[in-house]
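Asks: take a look and give me a structure for this.
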Amino acid sequence: MPMKEGYHAQSYLFAPGSTKAVIFIHGFMGSPRQFDRLAGAVHKRGFNAVILLLPGHGRSSRDFSLSTAEIWQKYVQDEIERLSAKFTDIWLVGHSMGGLLALGAAAKPHKALRGVMTIASPFKLTALSRKDIKIRLITVLASDENKIKSEYMGKNSVPVTSKIFLHTLGPMVQVSLLMRSTRAKLPSITLPVVSAYSKGDELVSFRSLEIIRSEISAIPFEEVVLERSLHAFYTEKEKVILEEALIEFLG
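Replies: Numbers count the residues shown, from 1 in each chain. This next block holds a predicted model:
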């Protein structure tokens, strides 16, 4: 599936007169487009929505290979600082690695931050499990009409080339380091946090929920449990559950 130029660009939905904003942070090789629905939902309710494109994404696999956890985290921190000049109340929403970056940002007190929602953020992986291999095969072998393949590949902002494995090795190590460093920060996070995990996730172990629940200091900490969704493919019913959880969290 070839990428259309500008399809994965960082995007904004402004709500005139509102000083409240939600910053959305995608995951590893992900895209701002995976937040189209959630960003639209918060915008309809009067929130500004800022959907980030992390460094190294949306360009070539070679550009992606130069990415590091430090670069990603700094970008999120810089965007929070930049946007806090315009918005007084900011919430962070991150999927997978993006949730780790959101938690990392929350570990550093900032006057504008009000809370964090994480979705499928990894503290323990089940990569190369039977289910994970099955989903990987679908993304390679299934027709473009396959719903799972369409969702996974359509929300992938890094072109899949013959060198994709080589170019993702470094960033994969960086994610592992980010998982470890973010876990170490959990006790220092006191902002309200809601974390969503699916029992059907083929990549992130459901035990990640147990880890964050037992180690974070967030008050309050709330959890959303999904039953059937995959790591990057959500059933319609569970999309609604996530949307309602986010709207309730924002108040």
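
Asks: run the chain-centre distance for stretch 49-62.
Replies: Between the centre of stretch 49-62 and the centre of its chain there are 12 Å (C-alpha atoms, centre = their mean, to the nearest Å).

Asks: ends of it, what's the gap?
Replies: Start and end residues of stretch 49-62 are separated by 29 Å (C-alpha to C-alpha, to the nearest Å).

Asks: so for residue 15, what's the pLDDT?
Replies: Residue 15 is assigned 98 on the pLDDT scale.

Asks: residues contacting it?
Replies: Residues in contact with residue 15 (C-beta atoms under 8 Å, 6 or more residues apart in numbering) are 43, 46, 47, 48. (Glycine included, C-beta is placed from N, CA and C.)

Asks: now it: phi and psi?
Replies: Here is the backbone geometry of residue 15 (degrees, to the nearest 10): phi -110, psi 100.

Asks: distance of it relative to residue 154?
Replies: Applying C-beta to C-beta, to the nearest Å, the value for residue 15 to residue 154 is 27 Å.

Asks: ditto for residue 177
Replies: Distance from residue 177 to residue 154, by C-beta to C-beta: 28 Å.

Asks: between those two, who's got more neighbours?
Replies: Using other C-beta atoms under 10 Å as the criterion, residue 177 and residue 154 rank with residue 154 on top: 16 against 12.

Asks: my read: that one touches residue 33, true?
Replies: Yes: under the criterion of C-beta atoms under 8 Å, residue 154 makes contact with residue 33 at 7.1 Å.

Asks: next, the contact list for the residue most central in space within the chain, please.
Replies: Closest to where the C-alpha atoms of the chain average out (C-alpha atoms, centre = their mean) is residue 95, at 1.9 Å. By C-beta under 8 Å, 6+ apart, the contact set of residue 95 is 25, 26, 27, 30, 34, 35, 118, 119, 120, 121, 232.
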